[in-house]
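Visitor: Could you work out the structure for the sequence below:
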Amino acid sequence: MKATKLPSGNYRTQVVVGINDKGKRIVKSFTAATEWESLKLAAEFMEDNAIGIDYKNMTVYQAFTQYINSRSNILSPSTIRGYRNIQQYRLQVIMDIKINNLRINDVQRAVNFDAARLGRKSIKSALSLLKSVLELQDITINMKKITIPKERPKSVELPPVDKLFKVIIGSELELPCMLAAWLSLRVSEVRGLKFSDISNDGKYITVRRAKICLDNRDVVREQNKTVESTRTIPLPPYLYNMIKKVPHNTEDDYIVPLRYEYIRKHFKKLMEDNGFSITFHKLRHEFATVLNDLGIPDEYIQKLGGWSSDIIMKSVYTHTTSNKEIEYQRIIDGYFNGIINKESEK
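Guide: The predicted model follows:
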């Protein structure tokens, strides 16, 4: 690595960080007043981003960096953010160990340390990523030998739907809440809906994109992460009429033009003011619970909610007929409409 003196008197050191889609080198420059400062900035960048480091001298942390950077333009922003979160906050006991010296016992110590504050799911996802990170460097550790904590039992008590709707109906969050509870949409799916996603006859709506909040800014993912998440579902007249009342200029406008933080904070306050302790995402749980109580088959619940499961989805396309789906939807809409009508009569 060499620093070049510029006409200005400053020094510049260049580092090749990759190759673009046209086969040209991607170069990052580091300019400073002295040769030493320029070289130091470049060296620190290379170390932080695991560039030019022999795998024998690479730490677990650097291996994570190299793995994440190699997929930064392939995976979704939310996935990359999740990977960086794992790198920064999980398995910290082993991050400074050179990957060539890493042993199963080291990983077990890291898991044991994290188990005091993290659940089984968080630890499993961290180990899964660690396995992929190491395999990229041709290092294999048998993760099946690692003992992880048992799942902690969770008891989530959902409020009765009629009481929940009583709070939601008439509030400023009625539309996004109804879309989540009645159609089983994630908050990112609710925020990603456009008027153009509604069928011409107003009877169906297609969930085809997600608007995600990353680092305090919105990122629109035009393609859902799974095939099951992209779905066309019946749109009840009550929701259709609510949507048509939303002011908009074009069919390309978003149906719910609210920021994620606004929805999260105002929903939390709305629930707390009425004695409930649930998050917006729990509205999807409410959906699944209601449909289960109504006797709707699991495969149809799976299909409406866009949950991913190979076994369940195969049974959907094999056994669920169009006529049956219409009947199931009639039962669902009848239930929710019944609650709404009771509220309007009061």
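Visitor: low-confidence ranges in this protein?
Guide: Within the chain, the stretches with pLDDT under 70 are 17-23, 25, 49-55, 153-157, 223-228, 304-325, 344-346.
Visitor: Could you count how many residues lie near the nearest residue to Lys150 once chain neighbours are set aside?
Guide: Distances taken as C-beta to C-beta, 6 or more residues apart in numbering put Arg120 closest to Lys150, at 6.5 Å, once the chain neighbours are dropped. For every residue, glycine as well, the C-beta is placed using N, CA and C. The burial count assigned to Arg120 is 13, neighbours taken as other C-beta atoms under 10 Å.
Visitor: Now for Arg120: which residues touch it?
Guide: Listed by C-beta atoms under 8 Å, 6 or more residues apart in numbering, the contact set of Arg120 reads Ile148, Pro149, Lys150, Glu151, Arg152.
Visitor: what's near enough to touch the last one?
Guide: Neighbouring residues of Arg152 by C-beta under 8 Å, 6+ apart: Gly119, Arg120.
Visitor: the strands in the chain, which residues?
Guide: Taking DSSP state E as the criterion, the chain carries its strands at 3-5, 11-19, 25-32, 204-207, 210-214, 217-221, 231-234.
Visitor: export those to JSON lines and tack on distance to Gly338?
Guide: Below are the strands of the chain laid out as JSON lines (distance: least, C-beta to C-beta, whole Å):
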{"stretch": "strand 3-5", "distance to Gly338": "75"}
{"stretch": "strand 11-19", "distance to Gly338": "59"}
{"stretch": "strand 25-32", "distance to Gly338": "60"}
{"stretch": "strand 204-207", "distance to Gly338": "22"}
{"stretch": "strand 210-214", "distance to Gly338": "31"}
{"stretch": "strand 217-221", "distance to Gly338": "36"}
{"stretch": "strand 231-234", "distance to Gly338": "17"}
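Visitor: I'd say Ala43 and Met1 touch.
Guide: Yes - applying C-beta atoms under 8 Å as the test, Ala43 and Met1 come out as touching, 7.3 Å apart.
Visitor: Need the strands of the chain in JSON lines (columns: distance to Phe336 and mean neighbour count).
Guide: JSON lines is the format used below for the strands of the chain (distance: least, C-beta to C-beta, whole Å; neighbours: other C-beta atoms under 10 Å):
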{"stretch": "strand 3-5", "distance to Phe336": "68", "mean neighbour count": "15"}
{"stretch": "strand 11-19", "distance to Phe336": "52", "mean neighbour count": "16"}
{"stretch": "strand 25-32", "distance to Phe336": "53", "mean neighbour count": "14"}
{"stretch": "strand 204-207", "distance to Phe336": "15", "mean neighbour count": "19"}
{"stretch": "strand 210-214", "distance to Phe336": "24", "mean neighbour count": "19"}
{"stretch": "strand 217-221", "distance to Phe336": "28", "mean neighbour count": "13"}
{"stretch": "strand 231-234", "distance to Phe336": "12", "mean neighbour count": "17"}
